[in-house]
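1. Fold the following.
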Amino acid sequence: MTQPDYKVAVKQYVASKEADLLSISHTIHCNPELGLQEHRACELLVSTLRESGFEVKTPVAGLDTAFVATYRSDKPGPRIGLAAEYDCVPGLGHACGHNIIAASAVGAALAVRSVVDDTGGSVTVFGTPDEEAVSPGSRGGKVVMAEAGVFDDVDVVLMTHPHSGGNVVWDYTFPLKDFNVTFLGKPAHYTLPHEGVNALECLLSFLGAVRAMQSNWRSGVMFAFTIVDGGGKSPIIIPEKATAHIAMKAFDANYLEEVFAKVEQCATNVADTMGAQAKVSINSEYKSTIPNLGLVTLVKENLRLLDAPVVDPTESQQALERLGYPGPSTDFADVSWVVPGIHWWSTVGDKPYVLHTPEFAAEVGSAAGDKTVLLAAQVMAMTAVDILTIPGRAQSITEEFKRYREGGFRNVPGIPPDFMPLPKAN
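-> Prediction:
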């Protein structure tokens, strides 16, 4: 078969598996599981892939609900990776659409499996739990797996994420630090405040000091917080403990580290001044995404082949340059620092829903979500075929990634302050 024939074949294969793929999406959607607890979803995906001849390893990297499923051709060729997510949002079910991510990744993998014996190469599904990173001990599943070298044995990793908006093939996700700041004081009766150390007052002083510091930061640094432990249930006891859960983002990872160090020092200074103890504990850290223009171009071309509207990458670049505040973050970013990858946004329906809302949770389980599952699976399978069958394409994608890595990932499209123009795809 020719390269176009293979693309038609995988497109038709996905269509032939519509009932199975939508069953996967609906089952995960109707049975939401928090990060690190996605046992039912993991078993569903693993059993589906095993039945199709994939060799499965689970658990992976110390994560009980992570897996790696691989099918290898007897012929040499590029090694394709596809990332699946399947954890839910606390209290909102699949309000981030991870049921679509899981079903489309499996659909694309099964389609590639149907042709890879002819094309040569391999296809691997990475089951990556805990993207939301909300459970105790969470760090983001892909962060843990990337550190363990799980993604080192493939040439590319493809993934889509549903959202309410156009199909976006190029986007930048932002470096994130998610952490807790806890102050430990000394309890006392409220009529004898001098006998205690008020941990809640320490926390409030710290937050006020950080707000004052923000006037000296570059624009575009996000500092969001909530108080998760206010010190107790009674106002007649001087609180001995108080904790804030904080998320920080910035456009530039190096600057985020610089500002975080100042926040950390601020907590220490407040504790020293007020006679308390301060503890800063990091929950999760996500890097910024490293885009790959070779993959961007392929995904865009395949969306167009399927008559799906797509936001031009140059428009995404211009939107980023106008942005005054950081946007989404994802643990896929950490994957993009170790292997060429793409995390593209696939549209669900035509209504302007916001992620992490009940409305979006309903939409991704509807007929609109079903359409996205099938389209995303076809696009990723067709993109995999391009990499498997176009001579030199896998090498050029790898060489682009190596250039970024050799430059310390500074001269990369979309990473401020070193913007590069994005070429328009033909």
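2. Which strands and helices lie in contact with the host helix or strand of V46?
-> Assessed by DSSP states H and E, V46 sits inside helix 39-51. Contact here means 3 or more Cβ pairs under 8 Å, 6 or more residues apart in numbering; DSSP states H and E; on that basis helix 39-51 packs against helix 18-30, strand 55-57, strand 67-72, helix 98-113, strand 122-127. In this view, the C-beta of every residue, glycine as well, is placed from N, C-alpha and C.
3. so what does the second one touch, helix or strand wise?
-> I take that to be strand 55-57. helix 39-51, strand 67-72.
4. Give the pairing partners of that strand; include direction for each.
-> Strand pairing for strand 55-57, determined by DSSP bridges: strand 67-72 (antiparallel).
5. May I see the buried residues of the partner strand?
-> Buried positions in strand 67-72, judged by neighbour count with 16 or more other Cβ atoms under 10 Å: F67, V68, A69, T70, Y71, R72.
6. Next, the residues that contact stretch 190-197 from outside, please.
-> Contact partners of stretch 190-197, identified using Cβ atoms under 8 Å, 6 or more residues apart in numbering, comprise 185-189, 235-238, 240, 274-276.
7. Which strand or helix spans R218?
-> Using DSSP H and E, R218 falls outside every helix and strand.
8. where along the stretch 201-350 of the chain do the helices fall?
-> 253-274, 293-305, 313-322, 332-336 (DSSP state H, counting those that start in this stretch).
9. could I get the ones you listed as CSV with mean pLDDT?
-> Listed next are those as CSV, based on pLDDT from 0 to 100:
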stretch, mean pLDDT
helix 253-274, 96
helix 293-305, 95
helix 313-322, 76
helix 332-336, 96
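10. Burial-wise, tell me which of the ones you listed comes out on top.
-> Greatest average neighbour count among the helices of the stretch 201-350 of the chain goes to helix 332-336 (a mean of 26), per mean count of other Cβ atoms under 10 Å.
11. Now do it: distance to the chain's middle.
-> 7 Å (Cα atoms, centre = their mean, to the nearest Å).
12. Spatially, what comes nearest to A109 if we skip its sequence neighbours?
-> V125 (4.7 Å; Cβ to Cβ, 6 or more residues apart in numbering).
13. what do you get for G294?
-> Per Cβ to Cβ, 6+ apart, closest to G294 is I397, 4.0 Å.
14. same question, D350
-> A368 (7.9 Å).
15. which ones are touching that neighbour?
-> V348, G349, D350.
16. So among the residues you listed, which ones count as buried?
-> Using 16+ other Cβ under 10 Å, the buried ones in the contacts of A368 are V348, G349.
17. In strands only, show me the contacts of A368.
-> Among these, DSSP state E puts none in strands.
18. Pick the one among the contacts of A368 closest to T160.
-> The nearest member of the contacts of A368 to T160, counting by Cβ to Cβ, is V348 at 10.7 Å.
19. ok now do that closest one, which residues does it touch?
-> G97, I100, P162, H163, S164, F360, E363, V364, A368, G369, T372.
20. State the pLDDT value of the last one.
-> Looking at T372, its pLDDT is 98.
21. pLDDT below threshold where in this protein?
-> Judged by pLDDT under 70, the chain has its weakly predicted residues at 415-426.
22. Could you check how far the residue nearest the centre of it is from W345?
-> Against the mean C-alpha coordinate of the chain, by Cα atoms, centre = their mean, the closest residue is T330 at 2.7 Å. T330 sits 11 Å away from W345, going by Cβ to Cβ, to the nearest Å.
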